Structure formats: structure tokens, C-alpha cells
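1. sequence first, then the predicted structure, then my questions.
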Amino acid sequence: MGLAGIAASFLPHEFLNSMQIAPVGITPVLVQIIGACYLAFAMCNWMSKANLIGGIYNRPIAMANLLHFAVSALAILKAVMVNQTITLLWIIGVIYTIFAIWFAIVFFSHPIKES
């Protein structure tokens, strides 16, 4: 998320061109705003990395990540069904689906503290 956030925040035109979208009008600004959200999410995850996550521990962080990745995976799946030729979209979709499953497991399981 951090790398995507940096790319979207500081290189919105290049980011849009890599997704085969013309950087016209307000789209670069929207990409920068989404990049800021990704950077904030990455920072939140980084700041809580030393804490237990799962079950009742850090439940808001687990739920936020689960919601983000699950909804994004469904949106990407819908986009892939419309346009199956964008290879990058397939790759991103697989990554988001893996993270959605992983955060569902984290959210619904009790963490085991390392000894």
C-alpha cells in the first residue's frame, strides 16, 4: 500500500498512463487523493505492526483492512469481467483477493502470542 500510495501521490500522470487511462481533467487529483489514503492506511498498519491483531485485539485495524481488500477485490473482479485483456488488473485482483482472505482469517481468528 505504501508503494502504491507514493506512486499515486507523487506520479499521478505516470500512474494513470500505466493503467492505460488518459490523465485529463480531475483524474490526476483523484489519483493523488487515493494515494494519500493508501499512504495513511500503510502508516496505520506500520504503526500497529508490533501489536497483536485478530480476535478482539486491534479489531478496527483488522476490520478496516478486511473491508478495504474485500470490497476492492470485488470491484476489480467486476472490472476484469468487463475487460479481460488488462494483465495488470488480473495481477492486482489476485493480490487483493489473497489479502482479503488473509485479513478475513486474521479478523475471525484469535491471535497466538509468540513466546
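-> Now that the structure is in, tell me what you want to look at.

2. A36: neighbour count?
-> 13 (other C-beta atoms under 10 Å). Heads up, the C-betas are built off the backbone N, CA and C, glycines and all.

3. correction: the previous question concerned Y38.
-> Y38: 20 neighbours (other C-beta under 10 Å).

4. pLDDT below threshold where in this structure?
-> Applying pLDDT under 70 to the chain flags the ranges 113-115.

5. mind checking the longest helix of it?
-> Secondary structure of the chain per DSSP state H: the longest helix is helix 59-82.

6. for the helix or strand that that helix is followed by, buried residues please.
-> The element immediately downstream of helix 59-82 (helix or strand, assigned by DSSP states H and E) is helix 87-108. Residues of helix 87-108 classed as buried by neighbour count (16 or more other C-beta atoms under 10 Å): 89, 92-93, 96-97, 99-100, 103, 106-107.

7. hang on, the earlier thing: which strands and helices lie in contact with the longest helix of the chain?
-> If you count contacts as 3 or more C-beta pairs under 8 Å, 6 or more residues apart in numbering; DSSP states H and E, helix 59-82 packs onto helix 27-47, helix 87-108.

8. in it, what counts as buried?
-> Result for helix 59-82 [16+ other C-beta under 10 Å]: buried residues 61-62, 64-66, 68-70, 72-73, 76, 80.

9. let me have the helices and strands packed on helix 59-82 in JSON lines, extended by distance to I53.
-> Formatted as JSON lines, the helices and strands packed on helix 59-82 follow (distance: least, C-beta to C-beta, whole Å):
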{"stretch": "helix 27-47", "distance to I53": "9"}
{"stretch": "helix 87-108", "distance to I53": "6"}
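
10. out of those, nearest to G54?
-> helix 87-108 (4.7 Å; C-beta to C-beta).

11. so what touches that closest one?
-> For helix 87-108, contacts defined as C-beta atoms under 8 Å, 6 or more residues apart in numbering pick out 18-19, 53-54, 59, 62-63, 65-66, 69-70, 72-73, 76-77, 79-80, 83-84.
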